[in-house]
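In: Sequence first, predicted model second:
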Amino acid sequence: MTESFLITGATLPSGERADIRIADGRIIEVGRIADAAGATIVDADGLIALPGLVDLHTHLREPGYEQSETVLTGTRAAAAGGFTAVFAMANTSPVADTAGVVEQVASLGTAAGYATVQPIGAVTVGLKGEQLAELGAMARSRAGVRVFSDDGFCVFDPLLMRRALEYVKAFDGVVAQHAQEPRLTQGAQMNEGALSGELGLAGWPAVAEESIIARDVLLAEHVGSRLHVCHVSTAGSVEVIRWAKARGIDVTAEVTPHHLLLTEELVASYDPRYKVNPPLRRAEDVEALRAALADGTIDIVATDHAPHPIEAKQSEWDAAANGMVGLESALSVVHASVVENGLLGWSDVARVLSSTPARIGRLAGQGQGIVAGAAPEVTLYDPSAASEFALDRLAGRSINSPYLGRALPGRVVATFHAGYATLLDGVVQPADEVARRAAALVGGARG
Ligand SMILES: NC(=O)N[C@@H](CC(=O)O)C(=O)O
């Protein structure tokens, strides 16, 4: 007997109010529900119900960098942020470039039970950019990998990129490119422009991103394959992607919450919390990224959740690691950057943070929406709760958030994954309880 929930008076992404009943591993009813004997009642008056959020770009750090994050702690952060599925990037140690490693990551996710963990496979062996990894073996493994990325590094060699794009077609995979021309960004510390000159920091020019995207959309067209562009950060990149889509090239793109809200001026503080790759850009870029998300040129928001331990961030700017945690704050940042100003409605948020990332990653059982028969993946968000983003909002192992001390709207109140609660009343549910519920489902499926 699985648990059942009756969520009452929620506002659906469409704006309609409805009750939602979760039972028997499904959303079984959405509408006015009078009677639900035995169900746990969750009062959602004033809350928005979204389909469970799906992050196509999460660094979970396990195996190898457990001092930053583990699959367990990273998926706790996911639950806190309203995510029910995360795609785990391959830059672990060992790198996720074999069937063995991706299966290990997936099974750690299943055991933890906080979210679906879908591993991303490396494109090249050891992320070294020299030799293709065993893409087919990872695709055929129990992890069923469909997204391949050397994120952290660009697949720079055009012949390797071409071969990877050709290879993944056989299993409907996609190459997610970290677009960074390595020579143009050697030693880069921040966006290249007037400010980098003033601050005396080596610049990361926009053209280093734009030139790789231009090359890759042409390669994708040439071989008739599917390309995904990670963390688009410049107005020029948006123009290239707009051109490629108009031409019918099969390209999708993501923008991070931080590139939708923050600008390079923050770097003047020399506070390494603002150090990230690609770097924070100009206000004009932020405007272009917001507009591109609104008009569909950019398909999704992905967090690039990049946890680092305190010692990697509490140093002078040049020595600090790139990256920000982002799972716990993503929905509030999207709210602040594109919902409050009317660029996106909540149904658009459901698309860019749930259904489209699930589709790009070919992930079944996620992003199906809040309708009868859909998988029981639901997030409840309180849009009226406004507060300073504080440490109590972080549920992962690392605290390198650029939003600490900043006022952000809204708060995730509850997350339901696989029919059970992973976050309730704003509290991440205990690990042993969540693991027990997850195990019961696996056991049930076997039995
Ligand atoms: N996005 C980041 O700033 N950091 C990423 C890797 C990377 O893309 O550099 C990380 O793994 O820490």
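Out: Now that the structure is in, tell me what you want to look at.
In: Give me the nearest residue to S332, chain neighbours excluded.
Out: Counting by CB to CB, 6 or more residues apart in numbering, the nearest residue to S332 once its immediate chain neighbours are dropped is L408, at 4.2 Å. Heads up, the C-betas are built off the backbone N, CA and C, glycines and all.
In: Ok, A179 next?
Out: Spatial nearest neighbour of A179, excluding adjacent residues (CB to CB, 6+ apart): I212 at 3.9 Å.
In: and A143, how far is that from A88?
Out: The spacing between A143 and A88, counted by CB to CB, to the nearest Å, is 10 Å.
In: which of the two has more neighbours?
Out: Here A143 and A88 are set side by side on neighbour count (other CB atoms under 10 Å), and the busier one is A88, at 28 against 25.
In: so what sits against both of A143 and A88?
Out: With CB atoms under 8 Å, 6 or more residues apart in numbering applied, the overlap between the contact sets of A143 and A88 consists of V105, Q118, P119.
In: Kindly reformat these as JSON lines containing distance to P278.
Out: As requested, the shared contacts of A143 and A88 are exported to JSON lines (distance: CB to CB, whole Å):
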{"residue": "V105", "distance to P278": "25"}
{"residue": "Q118", "distance to P278": "24"}
{"residue": "P119", "distance to P278": "23"}
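In: Inside helices: which ones of those residues?
Out: Judged by DSSP state H, the subset of the shared contacts of A143 and A88 located in helices is V105.
In: so the residue nearest to S332, which of the three states?
Out: strand (DSSP: H, G, I helix; E, B strand; the rest coil).
In: That one contacts A386, correct?
Out: Yes - using CB atoms under 8 Å, L408 is in contact with A386, at 7.4 Å.
In: quick one, which of these two is more surrounded?
Out: Under the neighbour definition other CB under 10 Å, L408 and A386 were set side by side, and L408 has more, 19 against 14.
In: Need the per-residue pLDDT for the residue nearest to S332.
Out: Turning to L408, the model gives it a pLDDT of 97.
In: The residue in the stretch 51-200 of the chain that the ligand sits nearest to: what's its closest spatial neighbour, skipping adjacent residues?
Out: Among all residues of the stretch 51-200 of the chain, G152 sits closest to the ligand, at 3.8 Å; criterion: CB to the nearest ligand atom. The shortest distance from G152 to any residue other than its chain neighbours is 4.4 Å, reached at N91 (CB to CB, 6+ apart).
In: give me the element that neighbour is part of.
Out: Element membership of N91, judged by DSSP states H and E, is empty: it is in no helix or strand.
In: If you count neighbours, what's buried in the host helix or strand of E198?
Out: With elements delineated by DSSP H and E, E198 resides in helix 194-199, which encompasses its position. Within helix 194-199, the residues that count as buried by 16 or more other CB atoms under 10 Å are L195, S196.
In: Over to stretch 111-125?
Out: In terms of neighbour count (16+ other CB under 10 Å), stretch 111-125 has its buried residues at 112-124.
In: Then stretch 336-343?
Out: Using 16+ other CB under 10 Å as the burial criterion, the residues of stretch 336-343 that qualify are A336, S337, V338, V339.
In: got those as CSV, with pLDDT columns?
Out: As requested, these are arranged in CSV below (pLDDT from 0 to 100):
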residue, pLDDT
A336, 98
S337, 98
V338, 98
V339, 98
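In: any chance of these in CSV, with distance to E181 too?
Out: Converted to CSV, the buried residues of stretch 336-343 look like this (distance: CB to CB, whole Å):
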residue, distance to E181
A336, 32
S337, 27
V338, 29
V339, 34
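In: looking at this, P383 is in a helix?
Out: No - going by three-state DSSP, the assignment for P383 is strand, not a helix.
In: I'd guessed it sits against L408; true?
Out: No - P383 is beyond contact range of L408, at 11.4 Å (criterion: CB under 8 Å).
In: what secondary structure does I399 sit in?
Out: Taking three-state DSSP, the label given to I399 is coil.
In: What degree of burial does it show, as a neighbour count?
Out: In terms of burial, I399 registers 15 neighbours under the definition other CB under 10 Å.
In: mind listing the helices in this protein by residue range?
Out: Using DSSP H, the helices found in the chain span residues 71-80, 99-112, 135-140, 158-168, 194-199, 206-223, 235-246, 257-261, 283-295, 310-313, 330-334, 346-350, 356-360, 431-446.
In: from those helices, which stretch is densest packed?
Out: Ranked by average neighbour count under the criterion mean count of other CB atoms under 10 Å, the helices of the chain are headed by helix 71-80 at a mean of 29.
In: Please name every helix or strand in contact with it.
Out: Counting contacts by 3 or more CB pairs under 8 Å, 6 or more residues apart in numbering; DSSP states H and E, helix 71-80 packs against strand 53-58, strand 83-88, helix 99-112, strand 407-417, strand 420-424, strand 427-428.
In: Residue numbers of the stretch 201-350 of the chain in contact with the ligand?
Out: Taking CB under 6 Å from any ligand atom as the criterion, the neighbours of the ligand within the stretch 201-350 of the chain are V276, N277, D304, A306, N322, G323.
In: farthest-separated two in those residues?
Out: In those, two members sit farther apart than any others by CB to CB. They are D304 and N322, at 9.9 Å.
In: what is in contact with those two at once?
Out: The contact sets of D304 and N322 overlap at V276 (CB under 8 Å, 6+ apart).
In: more crowded one of those two?
Out: Neighbours of D304 and N322, each counted by other CB under 10 Å, are more numerous for D304; the result is 30 against 18.
In: Could you list which residues are in contact with that one?
Out: If you count contacts by CB under 8 Å, 6+ apart, D304 has them with H57, T58, H59, C230, H231, T256, H258, V276, G323, M324, G326.
In: tell me how far stretch 241-255 is from the chain's mean position?
Out: From the chain centre to the centre of stretch 241-255 is a distance of 19 Å (CA atoms, centre = their mean, to the nearest Å).
In: Please apply the same query to stretch 145-154.
Out: 13 Å.
In: Please save the CA atoms from that stretch in CSV.
Out: Below are the C-alpha coordinates for stretch 145-154, written out as CSV (Å, rounded to 0.1, in the frame of the first residue of the first chain):
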residue,chain,number,x,y,z
VAL,A,145,22.7,7.5,-21.1
ARG,A,146,21.3,9.8,-23.8
VAL,A,147,23.2,13.1,-23.0
PHE,A,148,26.9,13.3,-23.4
SER,A,149,29.1,16.2,-22.3
ASP,A,150,32.7,17.1,-21.4
ASP,A,151,31.3,20.0,-19.4
GLY,A,152,34.0,21.9,-17.7
PHE,A,153,35.9,21.5,-21.0
CYS,A,154,34.9,22.2,-24.6
